[in-house]
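Asks: let me see the structure of the following:
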Amino acid sequence: MASKIEEIAQRVADSEGLEVVEVEVKGGGAQRLVRISIDKPAGVTHADCELVSHQVGTILDVEEVVPGGRYTLEVSSPGVERKLVKPQDYERFQGKKAKITLRDEIDGRRHWEGTLAGLADGAVALDIGSGKTIRFPFEQVQKANLKFDW
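Replies: Modelled structure (predicted):
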């Protein structure tokens, strides 16, 4: 079901010049929550969220994608500490600070912070300061977010 919802969200987002960052489906029955995170280079507006919510909600209902038809649909921007989900995110946000958790340790650590230095041949490069850059396969990323300095 989540992949079908993601496909619908992507179709709507593409037609509006938006990017689907993530689609989450949580809970079940009347408590089911469908959360869609969207983005665009200039930043997401309330109107963008409303538009995607209305269009995706209509398609979900017409195509009866959610069993029982009972769910809460939430559409929002990813925020300043957005998740890095797709390989392209590591290129798009090159030069930005990030916090990354790896599946396996590198130099005895799974948690790393640094500046994104791009993606090449399926490997993420993270500048960790002092002229040091670590590289690891994209598949090793368990969780990654941009890091905003307050």
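Asks: give me the number of residues near R103?
Replies: The local packing of R103 (other Cβ atoms under 10 Å) involves 12 other residues. In this view, the C-beta of every residue, glycine as well, is placed from N, C-alpha and C.
Asks: okay, now the domains of this protein?
Replies: In the assignment given by automatic domain parsing, the structural domains of the chain cover 2-76, 87-146.
Asks: any chance of these in TSV, with mean pLDDT too?
Replies: Output for those, formatted as TSV (pLDDT from 0 to 100):
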stretch	mean pLDDT
domain 2-76	92
domain 87-146	94
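Asks: the protein: strands as residue ranges?
Replies: Counting by DSSP state E, one finds strands in the chain at the ranges 19-26, 33-39, 72-76, 97-106, 109-120, 123-129, 132-137, 141-146.
Asks: ok, which of those strands comes nearest H46?
Replies: Nearest to H46 among these is strand 72-76 (9.8 Å), distances taken as Cβ to Cβ.
Asks: hmm, who's touching stretch 126-139?
Replies: Outside stretch 126-139, the residues that touch it by Cβ atoms under 8 Å, 6 or more residues apart in numbering are 87, 90, 98, 100, 102-103, 106-107, 112-117, 119, 122-125.
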